[in-house]
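A.B. asks: mind folding the following:
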Amino acid sequence: MKTLPFFLSICFAIFASNAFAQEVEFEEMITKPSAPASASKVYEIEENMVAGSNNALVLVTEVTSEKLVERTWKDFMKDYDGKTKGAKGGKENVTTEASIVGIAGVSPLSIYSRTAKNEDGYVELLTWFDLGEEYLNSSRASQYQEAEKMLMKFAQKVKLEGTKIELEQAEKKMKSFENEMEKLKRQNSGYHKDIADAEKRIETAKENIVRFI
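C.D. replies: Numbers count the residues shown, from 1 in each chain. The predicted model follows:
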């Protein structure tokens, strides 16, 4: 009869060990540097988009989810009164009526955007700033610097959003772990009670046997 409690103790220990390993895995995911060696940066390239081949400013982010970047970009553009939707006839999104004085003065600005993953698995946000006669490039130094600052600001925002999601996932995992532990504790307590009741019945049966001999 003593074998069962021992077996349950072993099972409980194995479960606790596995759960702890999962907890450590989540902790490492949150605390380890998630950025590439160069961290966030902006560079320019000539790239095809819905309106042909044009100069794009590319932001290298520190996150790996394209959906997160796209969702956060739409929200970020609202700070500049921009409205973002899919560009007709292309793979890009287009933000219209954006107000960025340092880039377009008082004129409303359209910004095309698209995401892609680089060889390291991090998301790059490609942006085309439509100035009317051309797309923004580094020859327009002051405007380019303004766009670069805006994109780096966005990089910080999307990194923060990614960290929030990781923390939420870790908290859910911990809650699940705690619930499983409580469940096992209750089961273990119930098994011990069943064993104690069975032992008591056996002792009673032995006493009854002796009484009738």
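A.B. asks: assumed Glu168 was part of a helix.
C.D. replies: Yes - remark: Glu168 belongs to a helix, assigned using DSSP: H, G, I helix; E, B strand; the rest coil.
A.B. asks: what is the burial count for it?
C.D. replies: Neighbours of Glu168 under the rule other C-beta atoms under 10 Å: 10. Heads up, the C-betas are built off the backbone N, CA and C, glycines and all.
A.B. asks: repeat that for Thr72.
C.D. replies: The local packing count at Thr72 equals 21, with neighbours defined by other C-beta under 10 Å.
A.B. asks: and Thr64, helix, strand or coil?
C.D. replies: In terms of secondary structure, Thr64 is coil; the call rests on three-state DSSP.
A.B. asks: identify the residue spatially nearest to it, adjacent ones excluded.
C.D. replies: Leaving out its chain neighbours, the residue that sits closest to Thr64 by C-beta to C-beta, 6 or more residues apart in numbering is Gly121, at 5.4 Å.
A.B. asks: got the buried residues for stretch 63-79?
C.D. replies: Val63, Ser65, Glu66, Leu68, Val69, Glu70, Thr72, Trp73, Lys74, Phe76, Met77 (16 or more other C-beta atoms under 10 Å).
A.B. asks: residues touching the fourth one, list them.
C.D. replies: When you say that, I think you mean Leu68. The contact partners of Leu68, by C-beta atoms under 8 Å, 6 or more residues apart in numbering, come to Val123, Val158, Glu161, Gly162, Ile165.
A.B. asks: Gly90: which of the buried residues of stretch 63-79 is nearest?
C.D. replies: Closest approach between the buried residues of stretch 63-79 and Gly90, by C-beta to C-beta: Glu70, at 14.4 Å.
A.B. asks: ok, and the closest non-adjacent residue to that closest one?
C.D. replies: Thr115 (5.8 Å).
A.B. asks: surely that neighbour and Thr127 touch.
C.D. replies: No - assessed by C-beta atoms under 8 Å, Thr115 is found out of contact with Thr127, at 10.2 Å.
A.B. asks: which one's more surrounded, these two?
C.D. replies: Set Thr115 next to Thr127 and count neighbours by other C-beta under 10 Å: Thr127 wins out with 25 against 20.
A.B. asks: would you map the strands across the protein?
C.D. replies: 41-49, 52-60, 83-86, 93-98, 109-117, 123-130 (DSSP state E).
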